[in-house]
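In: Give me coordinates for this.
(2 chains)
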Amino acid sequence: DAGITQSPRHKVTETGTPVTLRCHQTENHRYMYWYRQDPGHGLRLIHYSYGVKDTDKGEVSDGYSVSRSKTEDFLLTLESATSSQTSVYFCATGTDENQPQHFGDGTRLSIL
Amino acid sequence: GQNIDQPTEMTATEGAIVQINCTYQTSGFNGLFWYQQHAGEAPTFLSYNVLDGLEEKGRFSSFLSRSKGYSYLLLKELQMKDSASYLCAVKAGSYQLTFGKGTKLSVIP
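Out: Numbers count the residues shown, from 1 in each chain, chains lettered A, B, ... in the order given. Next comes the predicted model:
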């Protein structure tokens, strides 16, 4: 399976603070994705990347930004965290658009 | 927009067969994926259908009817370890997957 590492795995922070989540992959996959998973909503796409410096918005992108300066790293930033962004965040990667996505182990983020 | 429906919960007996349905309404269709997710863990890929028909992979099979906007995941010879959530996801655009809310399957002895 794809080597995908998410960090941190758990984080508790306060409303209004900036938060950055990191996704690191060792498989040289072109595509990378950030999802959030909440009870009653399933997995929802926040942002995705189809190459270095190439990113686009997903379904729930408000309040989030991303950067991809090299193939292996995809960063998700909450500029000013809100309690509604408390969630489990998953990173995923894929070799091309028709291949299955492989998921990291997730980051559990709590914003108080 | 896209809409994907799956039952919220199902219960089945160890050793039995269970079918988890997924219906979808999308603008465009480029494939349907099934994922398994154990509680507290990451989703893992199970199957992919892009053409009509049945795809079999061991104890798991997945079926697709594009004209009906319908898929199902069939699990045979259920084991306790199959207790998990099963996620249906549709690819309608070029890069994005849209996931259903998932079906939580409980396997009982």
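In: most centrally placed residue in chain A?
Out: A:Trp34 (2.9 Å; CA atoms, centre = their mean).
In: Next, the buried residues of the helix or strand hosting it.
Out: According to DSSP states H and E, A:Trp34 maps onto strand A:31-38. Within strand A:31-38, the residues that count as buried by 16 or more other CB atoms under 10 Å in any protein chain shown are A:Tyr31, A:Met32, A:Tyr33, A:Trp34, A:Tyr35, A:Arg36, A:Gln37. (Each C-beta comes from the backbone N, C-alpha and C, glycine too.)
In: which is the next helix or strand following the lowest-mean-pLDDT helix or strand in chain B?
Out: Within chain B, confidence by mean pLDDT, DSSP states H and E is lowest for strand B:97-99 among all helices and strands, at a mean of 91. With elements assigned by DSSP H and E, the helix or strand that comes after strand B:97-99 is strand B:103-108.
In: Can you mark which positions in that next one are buried?
Out: Judged by neighbour count using 16+ other CB under 10 Å, the buried positions of strand B:103-108 are B:Thr103, B:Lys104, B:Leu105, B:Val107.
In: which residues does the first one contact?
Out: Under the criterion of CB atoms under 8 Å, 6 or more residues apart in numbering or on different chains, the contact partners of B:Thr103 comprise B:Gln6, B:Pro7, B:Thr8, B:Glu9, B:Met10, B:Ile20, B:Ser85, B:Tyr86, B:Leu87, B:Cys88.
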